[in-house]
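K.L.:
coordinates for the following, if possible.
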Amino acid sequence: MIGRILRIVFFIALIGLVENRLFSRKQKRALREVVQISAWVFLVAAVLALGWYLFGIY
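P.N.:
Got it, this is the predicted structure:
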């Protein structure tokens, strides 16, 4: 389990390094906005799934 978590962290750091080297400032800003919107969408989906699960119990 810890090995899997460390592997995920390593790949995220590797992606960040590649992004830092290859993309311009404008592209980084656009990519940051896409990631931020995606994070909000995943958060809303997780809350809806949790609510559906909790209300499905009753």
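
K.L.:
for the protein, which spans come out with low pLDDT?
P.N.:
For the chain, the stretches flagged by pLDDT under 70 are 1, 58.

K.L.:
tell me where the longest helix sits in it.
P.N.:
helix 25-57 (DSSP state H).

K.L.:
the residue nearest the centre of the chain and Val9, how far apart?
P.N.:
Centroid check for the chain by C-alpha atoms, centre = their mean gives Ala39 as the closest residue, at 5.5 Å. Here the criterion is C-beta to C-beta, to the nearest Å. By it, Ala39 lies 17 Å from Val9. To be clear about C-beta, it is placed using only N, CA and C from the backbone, and glycine gets the same treatment.

K.L.:
sorry, back to before: buried stuff in the longest helix of the chain?
P.N.:
Within helix 25-57, no residue counts as buried by 16 or more other C-beta atoms under 10 Å.

K.L.:
how far is that helix from where the chain is centred?
P.N.:
8 Å (C-alpha atoms, centre = their mean, to the nearest Å).

K.L.:
counting contacts, what elements does it pack onto?
P.N.:
If contacts are counted by 3 or more C-beta pairs under 8 Å, 6 or more residues apart in numbering; DSSP states H and E, helix 25-57 sits against helix 2-22.

K.L.:
what lies in contact with the helix it packs on?
P.N.:
The contact list for helix 2-22, computed with C-beta atoms under 8 Å, 6 or more residues apart in numbering, reads 28, 31.

K.L.:
quick check: angle from it to helix 25-57?
P.N.:
Per axes from the mean of the first three to the mean of the last three C-alpha atoms, to 10 degrees, the angle that helix 2-22 makes with helix 25-57 is 150 degrees.

K.L.:
alright, that wraps it up for me.
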